[in-house]
Each structure stands twice: as C-alpha cells, then as structure tokens.
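Engineer: predicted model, plus sequence, below.
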Amino acid sequence: MLESRNIVKKFGSKAAVDGITVRFEPGHVYAMLGPNGSGKTTWMKMAAGLIKPTAGEMLFGGRPVDLESRKEIAYMSTEPYFYAWMTVKDVGKYYADFFPDFSYDRYLRLLERMELTEGLKTPELSSGMMAKLKIAVTLARDAKVWMLDEPFNGIDLLARDEIRRSILEFAADDRVLILSSHLVEEMEAIADRAVFIKEGRLAEEDDLEELRDSRGVSMADRYRAIYGRVEVEA
Amino acid sequence: MKNLIKYEFRKTLSVKLILLGTAALAQLAFMIGLWTGRERIYSLGAFILLLLAFVGVAVIGLTSVLILHRDMNTKQSYMLFMTPNSCYKILGAKVIENGISLLLATVFFFALGALDVSMLMAHEGRLADLWSLVTQFLEGIDSRITLDTETLMSFAFGLLASWFSTVTCAYLADVVSTALLKGKRWNGLGSFALFILLSALMNWALLRLTDGIASVRTVFLVQAGISIVFSAVMYVLTAQIMERKLSV
C-alpha cells in the first residue's frame, strides 16, 4: 500500500535518508525504530508529502504520493503544530474543513477518552495534553495509512494506556499503522512488525511473531543488537 | 479554496482588529473635536486617520508576507501543507485574502476620508475656499491634474495595485529563500536583492509604459493594470517554485 523505492533526502551534503526501500502492507501495525537522527521523521514527512525527496520514489497504492494520497494518509508530527489562536474545538473544525475522512463524532469520543474539552486553548495545553490532542485529531480521520511520530512523547503512563487502546481500536485489516518511538518496550505491545532505520538506511525489517517464535528474541533485543554493541541471541 | 481563504482571513484577524480599533478611536476624537469645536482634537484625529490610511494598508501587506514566511518555516506549516491542497491553491488563497483586505482597507479609508472632509467643510465653511485654492494651484502646476473624486479614486486604486504587486514580489523572494536558498550563507541577502530587483523592474515598467499618456487618471489606471498583470506573473512563478521545490 505504502512503499518507498531507494528514496533519498539530502539536506545540503548530508543525507538524512539514504536509499530506503521498504513496503508497508495493510492489516499491520509497524514500529519504525531508530535513534534520534536516523531518518524516521524525514521518511514519514516524505510519505506525508511535506518533504520532497532528493531521489527515489514514495508510492501510495502504486502511484507517487500527491494531493490525492494526502486524503488517505494521516500524519501526526511529534512537534505541536496547531495555530496559536486555536481552541481544541477549532482544531477539530479545521480538520473537518480539509479532510473528507474526518469524523467529528469520533473526534468528540476521543477527546472524552483523553479527558480534553473543546474549550481549551491550544497554547495553554501541557505537553501531555497536546500529545493527546494530536492523537485524537489524527485518529479521528478514517485514513488508510496512519503515521504517528513519537506518539508517546511526554505522556504519563495512564494516558499512554488510553492512547494504546485507541490505536489498537482503529487498527484494521485494510489499514496501515506506522508508529515511531524510542519506547521500544511500549511498542512491542502494539506492533506486529518492526522496521529498523540506521543512519538513513534500512537496517532490518522483522515480523515480530516470527522473531519471537523462530529466533526467540524480542524487538528490544533486536534494537540492542542493531544500535548497541552487544548482540543478543537466544 | 473557500476554506483556505477563510483561514487566511482568520490568521490576519487580530492585526485588522487593532487597525480598526485605532481608526475608530481616531474617528471618535475627530468627531468629538468637531462637535465641541476643539480644533486641536479634530486635527489630531484627522492626522491619525490619514497616517493610518497609509500605515494600515502597508501593515496589511506586510502581515501577509510574515504569515507566508511563518507558514513555510515553522511547524505550523504542517497545518497547511498536510491538507490535500496544491501550492497554487494555498498561495492563491493568500493572494486573494491580501487583495481583498487591501481593497477593503482602501475603500474604508477612502470613504472615511470623504465623510470627514465633507463634515469638516460643512463645519468650517472657509475650508471649501481653501480646497478650491489648492485645486487651482495644482492645475497651475500641471493642467492634467484635477482634484476630482474620479482622479483621487484612480490614484488610490493605482497605489493599491502597486502595493499589491510589491507584496507579491515579497512572496516570491520569501519562497525563493525558503525553497531554493535555505541553508546557503547568502540566503537573506540573496532573497532581499531579488525583492529589490523585482520591485525596481516593476517600477521601471510602470514609468516606461505610461510615458506619454496625457491624462493623469489614465496613467493611474494603466499603472494599476500593469501592477495586476505583474502580480499574476509573480503568483504563477511563486506557486510553481513551491509546488516543485518547497519542503516544510
């Protein structure tokens, strides 16, 4: 459904993404993993159409990502990005105005679950509340692909549980969910596939069940093996 | 497109409310001064209104450029560029919002000015004599100049269109800076030089193409037309660069 072919993004002479070829199939929850600066966010932004690749292709349904694909791909940035004059209600209205797949009813349900009220002003939200708002407004879209960049950043344990529940609730056979996070253990409970990015390149792609069953290692073990110095094997 | 324009108006609302509030206060001072016969107060009100007519229109244009800059260079850019809208539409909404805002501000200050001058003339009969003296004086300098309403409106329209095209030049310079020169050491200087060059080119065209036209009113109207065509060219070029090269 969503794939990149030898995609490259350079900022000046430095390649943030350096020839990643990867394919994301519907019906799966992917954990996109890698340390800071590995290229995860840049890759996601290219898929969302926010960044133009230097070389290679980003395809959605076999066609290069374009305006049409923006209707089907929901991206949540790790940084807050709402206009300063917006209330929580304004954010919902804005999404409803621009995204045909946005459901205001679902947004209201998610707000309730996240304990947010429509009258709150976005500049006054704490980082945790802001993270919950971003999740709520993104998941209120009935998108084919959801890409959530660091969805658990700055969120307490209870709120994290709510977010995890919401993410799993909306995961479906015809959808792709891609989550990036540093909280590897947290991701293990949600994802069924893992994509490891290292220095702008695809380091490894794993089916987590297969990894556990046939090799007896967890996603965290693979993370340590790829990015750390000690190889963990069963 | 309708929604994009709606949000562009929302982004500039606070600046417009400040301008409108200041104008309301100045108008109030003018009217109170006129009714109570205090010349200093109504002179001050009139002065602030006159100043605001020029500064206000300038501020509206500059605000639009600053918002475009913020919409491309901060995280707020995701709000715009994540939506399924082409750069032609995104920039088009900004151009339309700015055009409408500048036009409304010009009409507003022009109408307010006409109202205040009429009130002043009714109140101070000798002003009518002074007005005709000024008109005769200007006609003495150049017989093409007449201070009638049509000429003043043409002048205001020409000035408005010229400022609008300056704003579109600034859009292009800003987009070139963000999309093509980002990270380069001479980015700021380069984009500023481009802005100056484009503005100079437009002014040269305005002077060159209206040279020899006898009627001042026609000169203003032709200049307005040239400015609008120039703005359209700037818009297409800017949107083209955004569509092909802009990463946020």
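Structural biologist: Good, I have the coordinates.
Engineer: show me what contacts A:Leu179?
Structural biologist: A:29-32, A:147-148, A:151, A:167, A:187, A:190-191 (C-beta atoms under 8 Å, 6 or more residues apart in numbering or on different chains). Backbone N, C-alpha and C define where each C-beta goes, glycine included.
Engineer: element containing it, please.
Structural biologist: strand A:176-180 (DSSP states H and E).
Engineer: could I get the buried residue list for the following helix or strand past that strand?
Structural biologist: Next along the chain after strand A:176-180, taking DSSP H and E as the criterion, comes helix A:184-188. Across helix A:184-188, burial judged by 16 or more other C-beta atoms under 10 Å in any protein chain shown covers A:184, A:186-188.
Engineer: what's the lowest-pLDDT member of the residues you listed?
Structural biologist: Lowest pLDDT among the buried residues of helix A:184-188: A:Glu186, with 79.
Engineer: excluding covalently adjacent residues, which one is nearest to that residue?
Structural biologist: Among residues not flanking A:Glu186 along the chain, A:Phe152 sits closest, at 5.7 Å (C-beta to C-beta, 6 or more residues apart in numbering or on different chains).
Engineer: where does the one you found sit: helix, strand or coil?
Structural biologist: Using DSSP: H, G, I helix; E, B strand; the rest coil, the structure places A:Phe152 in coil.
Engineer: surely it touches A:Ser180?
Structural biologist: No - the pair A:Phe152 / A:Ser180 is not scored as a contact, 10.1 Å apart, by C-beta atoms under 8 Å.
Engineer: which ones are touching the residue most central in space within chain A?
Structural biologist: Chain A has A:Leu148 as the residue nearest its centroid, 2.3 Å off, counting by C-alpha atoms, centre = their mean. The neighbours of A:Leu148, taking C-beta under 8 Å, 6+ apart as the test, are A:76, A:135, A:138, A:167, A:177-180.
Engineer: the residue nearest to A:Ser127 when sequence neighbours are not counted: how many residues sit nearby?
Structural biologist: In this structure, A:Ser127 finds its nearest non-sequential neighbour in A:Gly154, 3.9 Å apart by C-beta to C-beta, 6+ apart. By other C-beta atoms under 10 Å in any protein chain shown, 14 other residues sit near A:Gly154.
Engineer: equivalent analysis for the one 10 residues further on, please.
Structural biologist: By the measure other C-beta under 10 Å, the count of residues near A:Arg164 is 17.
Engineer: for the contacts of A:Leu148, pick the one with the most neighbours.
Structural biologist: Top of those by neighbour count (other C-beta under 10 Å): A:Leu177, with 27 neighbours.
Engineer: that one: what's its closest spatial neighbour, skipping adjacent residues?
Structural biologist: Closest to A:Leu177 by C-beta to C-beta, 6+ apart is A:Val29, at 4.4 Å.
Engineer: give the residue spans of chain A that score low on pLDDT.
Structural biologist: Where chain A drops to pLDDT under 70, the residues are A:229-234.
Engineer: residue 168: what's it in contact with?
Structural biologist: Looking at chain A here, since you left the chain open. Contacts of A:Leu168 (C-beta under 8 Å, 6+ apart): A:29, A:190.
Engineer: can you look at chain B instead?
Structural biologist: By C-beta under 8 Å, 6+ apart, the contact set of B:Thr168 is B:95, B:230-231, B:234-235, B:238.
Engineer: can you check B:Val175 too?
Structural biologist: B:Val175 is in contact with B:68, B:72, B:238, B:241-242, B:246, counting by C-beta under 8 Å, 6+ apart.
Engineer: near chain A, which of these show up?
Structural biologist: B:Leu246 (C-beta under 8 Å from any C-beta of the partner chain).
Engineer: next, count neighbours for A:Phe102.
Structural biologist: 21.
Engineer: does the closest residue to it other than its chain neighbours sit in a helix, a strand or a coil?
Structural biologist: Of all residues not flanking A:Phe102 in the chain, A:Tyr95 sits nearest, at 4.6 Å (C-beta to C-beta, 6+ apart). With three-state DSSP as the basis, A:Tyr95 sits in helix.
Engineer: just give me the neighbour total for A:Asp90.
Structural biologist: 17.
Engineer: equivalent analysis for B:Phe54, please.
Structural biologist: For B:Phe54, the neighbour count with other C-beta under 10 Å is 12.
Engineer: check which helix or strand covers residue 138.
Structural biologist: Here I'm looking at chain A. helix A:127-139.
Engineer: actually, chain B is the one I wanted.
Structural biologist: Under the criterion of DSSP H and E, B:Leu138 resides in helix B:126-141.
Engineer: mean confidence for the following helix or strand past that helix?
Structural biologist: In the C-terminal direction, the helix or strand that comes right after helix B:126-141 (DSSP H and E) is helix B:149-175. Regarding helix B:149-175, the rounded mean pLDDT is 88.
Engineer: check the offset of helix B:149-175 from the chain's centre.
Structural biologist: Centroid displacement of helix B:149-175 relative to its chain, using C-alpha atoms, centre = their mean, to the nearest Å, is 5 Å.
Engineer: contact residues of chain B facing chain A?
Structural biologist: Listed as neighbours of chain A in chain B under the rule C-beta under 8 Å from any C-beta: B:3, B:6-7, B:10-11, B:13-14, B:75-79, B:81-86, B:183, B:244-248.
Engineer: switch to 7 Å and redo it
Structural biologist: Applying C-beta under 7 Å from any C-beta of the partner chain, we find that chain B lies next to chain A at B:3, B:75-76, B:78-79, B:81-84, B:86, B:183, B:245, B:247-248.
Engineer: just confirm B:Ile213 is within a helix.
Structural biologist: No - if the criterion is three-state DSSP, then B:Ile213 is coil and not within a helix.
Engineer: which of the residues of chain B next to chain A are buried? Put it as a PyMOL command.
Structural biologist: Per 16+ other C-beta under 10 Å, the buried members of these correspond to this PyMOL selection:
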select buried, chain B and resi 3+76+78+79+81+82+83+84+247+248
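Engineer: now do the SS call for the residue lying closest to A:Pro123 once chain neighbours are set aside.
Structural biologist: Nearest residue to A:Pro123, sequence neighbours excluded (C-beta to C-beta, 6+ apart): A:Ala84, at 5.2 Å. Following three-state DSSP, the label given to A:Ala84 is coil.
Engineer: run a quick neighbour tally on A:Ala84.
Structural biologist: A count of nearby residues for A:Ala84, using other C-beta under 10 Å, gives 10.
Engineer: okay, it and B:Phe109: tell me how far apart.
Structural biologist: To B:Phe109, A:Ala84 is 29 Å away according to C-beta to C-beta, to the nearest Å.
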